[in-house]
Each structure stands twice: as C-alpha cells, then as structure tokens.
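Novice: Need coordinates for the following:
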Amino acid sequence: MEGKISAGATAQVTVTSRDGTTTDLTAKDEVEHAIINSNERKYHQMEGGSELLSDALVQDLGCFGKGPMVEQVLNGTYVPPPGTSATTTDFLQACQYPDNLQRPLDLPTPVRYWNVVKTWRQRKEATASANQHIGHYKAIM
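Specialist: Residues are numbered from 1 along each chain as shown. Model prediction:
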C-alpha cells in the first residue's frame, strides 16, 4: 500500500450543515451515520423528484419519451407548461437535434437493431480504463 500511513476504515468525517458550519465527527457510530446519510442523498436524489415526471410534462412527453410533443422538443420548438423550472427548460432545450444532424431513415426497430449489431464486428474488443469497452454498448442494447 504505497503512500498510505496505515490501512483501515475512515476515521473522521467533516459534515457541513445548512447554515455553513462544519463539524468533525470521529466516533465510529457518528462517522457511519454521516456516510450512510451522504450516500442515501447521493444515490437516491432523483427518486420521486424529477420534474419531467410531473403531470403536465408526462402528458406532453410521456413517461418514456413517446408523448405527442416529443418531436417539438427535438426540433427546439417546444414551449414548456407555465411553472416549469429554468433547469428543466434548459434541459429540454439541450435535447433538441443539433443543426448538422443527419436524421436516420425511419426504419423498423428490428432493422435498426441488427444494423447496430453488425457494427460490433468492426470494433476490436479490448479492455481499457480510458475508453468504454464494447461490452458497455452491447449491454445498453
């Protein structure tokens, strides 16, 4: 273990409260509790909190991006309902097609799938920490 003075668990955690004050925790139970709370906030932050799942936006966009207004979002002409946050509005604007995008022909899903699968043979499978492995792309299909 190069560069480490000693091995072991986290011995101290600094917690910042809402008012900006910091507290150093060193007791095992306090450290564990602080780490658990931090992980829960980090890994569960979108549960039930996405504005894209509000009734108005679900009506326009659908739960899976198949709603009646999706094409307007992609074309950059969608006007979000009143009360939509600036962050969500910015996100929807960022979802529009780039100006230089060549849109694929409307092929059936199985045909598009097999076209992608055929390209996998062209890419060499190798592991590398700097780039995505071809297995990542296969997994999303």
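Novice: what about the strands in this structure?
Specialist: In the chain, the segments counted as strands under DSSP state E are 13-16, 22-25.
Novice: Please point out which parts of the first one sit buried.
Specialist: When burial is assessed from 16 or more other C-beta atoms under 10 Å, strand 13-16 yields the following buried residues: 13, 15. Backbone N, C-alpha and C define where each C-beta goes, glycine included.
Novice: Stretch 10-29 now?
Specialist: Going by 16+ other C-beta under 10 Å, stretch 10-29 has these buried residues: 13, 15, 25.
Novice: List the contacts of the second one.
Specialist: Pointing back at residue 15 there. Contacts for residue 15 (C-beta atoms under 8 Å, 6 or more residues apart in numbering) come out as 22, 23, 25, 34.
Novice: Dump those to JSON lines, plus distance to residue 67 and pLDDT.
Specialist: What follows is the contacts of residue 15, written out as JSON lines (distance: C-beta to C-beta, whole Å; pLDDT from 0 to 100):
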{"residue": "22", "distance to residue 67": "45", "pLDDT": "93"}
{"residue": "23", "distance to residue 67": "46", "pLDDT": "92"}
{"residue": "25", "distance to residue 67": "46", "pLDDT": "92"}
{"residue": "34", "distance to residue 67": "41", "pLDDT": "91"}
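Novice: Could you let me know which of those residues ends up closest to residue 92?
Specialist: Set against residue 92, the nearest of these by C-beta to C-beta is residue 34 (36.0 Å).
Novice: so that closest one makes contact with residue 12?
Specialist: No. Residue 34 lies out of contact with residue 12 (C-beta atoms under 8 Å); the separation is 10.0 Å.
Novice: Give the residues shared as contacts by those two.
Specialist: In contact with both residue 34 and residue 12: residue 25, using C-beta under 8 Å, 6+ apart.
Novice: just to revisit the earlier point, for the strands of the chain, which one sits closest to residue 90?
Specialist: By C-beta to C-beta (comparing all of the strands of the chain), the closest turns out to be strand 13-16, at 27.0 Å.
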